[in-house]
Every structure is written in structure tokens, then in C-alpha cells.
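Student: Sequence below, structure please.
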Amino acid sequence: MFIPVALWVRISFLLKDEEHSTVYIEHIFSSHSSVKGHWVCFRFLATVNNAAMNMGVRVSETLLSILLGFNDSPLSPRRFSGDILAEDFAEHVWKNERDSSCGFAEEFQQLALEERGQPQTVASAPENSAKNRYRNVLPYDWSRVPLPALLGQPGSEYINASFIPGLWSPREFIAAQGPLPQTVGDFWRLVWEQQSHTLVMLTNCVESGRVKCEHYWPLDAQPCTHGHLQVTLVGEEVTENWAVRNLKLRHVQQQKTLPVRQFHYMTWPDHGVPHSPDPLLAFWRMLRQWLDQTVGGGPPIVHCSAGVGRTGTLIALDVLLRQLECEGLMRPFGYVKKMRESRPLMVQTEAQYVFLHQCILRFLQQSAAAQAQKGATYENLLMEKVAATEA
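Tutor: Below is the predicted model:
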């Protein structure tokens, strides 16, 4: 049976991750539903089924029983603590927003109570202290992203960046602080070594008169050079809320290039939230479309100023919305807690935690409206066809 490479890549991420048991892999593709007994990621099944039919191969009943999650399957789906079904999410938000969002406040406080500090030895080393923008935001040793050491430069293997787990891989994202003047070269080394085609910037360089991030890309067509790496601005498109820049990263010694696209969201205040979920959801859809069609390369690198608040909120939004599409449920508290095991303070403020839920709720509302419109359009076409037949 032929299955597209992109699908195998996603499955292989799960199989290679020791944390993912067979039961958990199955849970990615199916989960409980009050309507049909089991809700299935139909896009996944359709891909497998159509590929099999095109090749004249019948998908085995055993495989289908596992994917469909039949009750008599030895690997029937299980629910996880904190799961919220899509149809229950609006009520969940309403309950937590009562009494001045006390429910969300309690959840957010619980996140802080359950967050366990882990060794940050490398980040705390004297030779690396000047590379950290904020003293309270340091990557954990186990999840930090190492750089190749440079000869005669102690600490050159360090950058304030962490691997973050996602839906398909334990290293699906890199969360980083906004570059400092002295770490711009390290930032581009990170991009090159990880072969990342995607940068997501969620801060402005200066906010409220304070520098939040060094301007690390060229202002015009004149390239910038950082060691053996040369960065060229190929083009940019600026809208009201965001800018998209195409960059070319060239390794002068190796004579190789890496195309990089930067998605810069410009209307998200530090420690605050956007005025509405709609622009951010539009930004996310554009970003997700790009990520889905980009083949190969390393994880997207997401940063704001500290690399935890806005960065954590957007990563959580992406993972939870994709989980919602594939499983029909999500677990915001559980995922934010999971992120904080890899990098401290991810989704830094209570306001950001509440906004995350508001974005998910708005996404569900938009999806329901789109489905209703689609149904109405189909019904109108059907009525027109019937009328034409009777005429």
C-alpha cells in the first residue's frame, strides 16, 4: 500500500518518540464522540484508503479497526485527564469566565504550582550570562538547542533557545528569545544549523520606548554578514497587522543557501494580548498553510522578546487547533503544562492563558459558521437542480 511521504514523516515522528505508545499513536487519530461512538480524523483515513484503492489494495480490517477505534479493538481509544470535547468547549470557557475569570485564575495558578524547576547549568555559566535578555528566563539543560562550538570561544555552543514538543514530534518547535546585539550571529547560526525555513516573530524591536529585540535582518537589499553567514532580504509584504519577509541565508564557506521566510506579527503588546482573536487567527492560518506545504528542513523558530509569553501562546494555539481538527478535543491546561517542562514560563501571563481559550472558542465559532454556510450553499444547489429537473 502506497502512503504519501508527508504522511509517513508524521507517523515516523510518533514511532521514533519513545514517549508515544501504540495506544497514544492511535489516540492521535481517533477519540470518543457522543454521536458516532468514535470520531475519526477522516482526512487521515481518506488518504490511506484512497491510496490503497488507487493501487488496488484493500486496507486490512485489523488496521481499520485500530484506526476507527472499534470497541472490540484491543487498542480502543482512551481519554486523558483534562480532555475537553469541541462541543463542550464553549461551556468550559463560560464557566471559567464567571466571577471575573476566577476559573482561569485558578488554572493558571495551578500551572505555576506544578511547574518544577530543572537544571539550567549551561545558561547560568558566567561566559553565557550576557547572552540572556532576562535573568529569569533561562533554557533547561535537557531541552536547550545546542550550537556547534567555535574554536577558542568558550560558551559558543550556547543560545537561549529550547526545543518544544508539538502534535507530531517532541521537537516540533524551537522557542527562542529575541536576539541581543551580541547574539545576532548566534541566532543565524541557529537557523543554519537547524536548517529552519521558518521564523515567527511576535514582538516589535522597540515597544513603549524599550528595546525588545535587535533588528536582526537586513533593512534593504544590502546583505548583512555574520561570520560565515550572509543574510539577504529578497522581498517583503507588509499589512496592517503583520509582515512577511523572504530572506536568503548563505554560508560563504560552504557555498550553500537556505531560503527563510519570516512571519512577523506586529500588533501584540508585551505581557498583553491582541484586541481581538480574529487577526491572530488569520495570521495563524497563513502560517499553518506555509508550514504544511513546506517540505523538509528543521523546526520553525518562534520568538518574541523573552521567548515565553507570546511565543508560548502562539505555539499552544497552533498545537491545540490541530489537535482539535484531528481528535475533536483538546487539553489546553495539559499542553501548557507540557510546554513548561521544556521551557519555563511558557504562556507567561493569566491574560495570555485566557486569550488562548478565547482564540480556540472563536475558531470553533468560525468553523461552525463556515459549515453552516457550506450546508446552505449545498442545499440551494440541490433545490436548483430539483427545480431544473421538474421544469
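Student: Stretch 250-267: end-to-end distance?
Tutor: End-to-end distance of stretch 250-267 (C-alpha to C-alpha, to the nearest Å): 30 Å.
Student: Residues contacting it, please?
Tutor: 191-192, 195-202, 204, 217, 225, 228-232, 240-249, 274, 279-280, 283, 286-287, 290, 314 (C-beta atoms under 8 Å, 6 or more residues apart in numbering). No exception for glycine: its C-beta is placed from N, CA and C like everyone else's.
Student: Now the buried members of these.
Tutor: Neighbour counting with 16 or more other C-beta atoms under 10 Å marks 191-192, 196-202, 204, 217, 229-232, 241-242, 244-245, 247, 249, 274, 279-280, 283, 287, 314 as buried within the contacts of stretch 250-267.
Student: which stretches of the chain form strands?
Tutor: Using DSSP state E, the strands found in the chain span residues 30-33, 37-40, 84-85, 161-164, 173-176, 198-201, 206-207, 210-211, 224-226, 229-238, 242-251, 256-265, 301-303, 329-330.
Student: can you tell which of those is closest to Pro344?
Tutor: Ranking these by their distance to Pro344 (criterion: C-beta to C-beta) puts strand 161-164 first, at 9.0 Å.
Student: residues in contact with that closest one?
Tutor: Counting by C-beta under 8 Å, 6+ apart, 139-140, 143-145, 170-177, 190, 299, 301, 307, 315, 339, 342-343, 346 sit against strand 161-164.
Student: And for stretch 95-110?
Tutor: With C-beta under 8 Å, 6+ apart, stretch 95-110 has contacts from Phe333, Glu350, Tyr353, Val354, His357.
Student: Now a ChimeraX select for only the buried ones of the residues you listed.
Tutor: A single ChimeraX command is used to select the members of the contacts of stretch 95-110 judged buried by 16+ other C-beta under 10 Å:
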select :333,350,353,354,357
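Student: Can I get the contacts of stretch 95-110 in a markdown table including pLDDT and distance to Leu150?
Tutor: Converted to a markdown table, the contacts of stretch 95-110 look like this (pLDDT from 0 to 100; distance: C-beta to C-beta, whole Å):
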| residue | pLDDT | distance to Leu150 |
| --- | --- | --- |
| Phe333 | 95 | 41 |
| Glu350 | 95 | 41 |
| Tyr353 | 97 | 39 |
| Val354 | 96 | 43 |
| His357 | 97 | 44 |
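Student: In helices only, show me the contacts of stretch 95-110.
Tutor: Members of those lying in helices (criterion: DSSP state H): Phe333, Glu350, Tyr353, Val354, His357.
Student: correct me, but the third one touches Val336?
Tutor: Yes. Using C-beta atoms under 8 Å, Tyr353 is in contact with Val336, at 7.0 Å.
Student: joint contacts of the two?
Tutor: With C-beta under 8 Å, 6+ apart, Tyr353 and Val336 have common neighbours Leu111, Val347.
Student: Give me the subset of the contacts of strand 161-164 that lies in helices.
Tutor: Using DSSP H, those in helices are Leu190, Ile315, Met339.
Student: Surely Cys326 touches Leu167?
Tutor: Yes. With contact defined as C-beta under 8 Å, Cys326 reaches Leu167; the gap is 7.4 Å.
Student: between the two, who's got more neighbours?
Tutor: Remark: of Cys326 and Leu167, Cys326 carries more neighbours, 22 against 19, as counted by other C-beta atoms under 10 Å.
Student: burial count for the residue nearest to Cys213 when sequence neighbours are not counted?
Tutor: Counting by C-beta to C-beta, 6 or more residues apart in numbering, Cys213 lies nearest to Gly178, which is 3.0 Å off, once chain neighbours are set aside. By the criterion of other C-beta under 10 Å, Gly178 has 24 neighbours.
Student: and what of Pro126?
Tutor: Here the number of neighbours of Pro126 (other C-beta under 10 Å) works out to 8.
Student: how close does it get to Gln323?
Tutor: Pro126 sits at a distance of 41 Å from Gln323 (criterion: C-beta to C-beta, to the nearest Å).
Student: do the same with Ala175
Tutor: For Ala175, the distance to Gln323 (C-beta to C-beta) stands at 18 Å.
Student: How about Val295?
Tutor: Distance, Val295 to Gln323, by C-beta to C-beta: 22 Å.
Student: In terms of neighbours, single out the busier of those two.
Tutor: Shown here are Val295 and Gln323; by other C-beta under 10 Å, Gln323 has more neighbours (20 against 9).
Student: how about the closest residue in space to the more buried one that isn't next to it in sequence, what does it touch?
Tutor: Leaving aside its sequence neighbours, Gln323 sits nearest to Met330 (C-beta to C-beta, 6+ apart; 4.9 Å). Applying C-beta under 8 Å, 6+ apart to Met330 gives the contacts Asp83, Ile84, Ala86, Phe89, Leu320, Leu321, Gln323, Leu324, Ile360.
Student: Make CSV out of the residues you listed and add pLDDT.
Tutor: As requested, the contacts of Met330 are exported to CSV (pLDDT from 0 to 100):
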residue, pLDDT
Asp83, 87
Ile84, 93
Ala86, 93
Phe89, 94
Leu320, 97
Leu321, 97
Gln323, 94
Leu324, 93
Ile360, 98
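Student: Compute the number of surrounding residues for Ile110.
Tutor: Quick fix: residue 110 is Gln, not Ile. Other residues close to Gln110 by other C-beta under 10 Å number 12.
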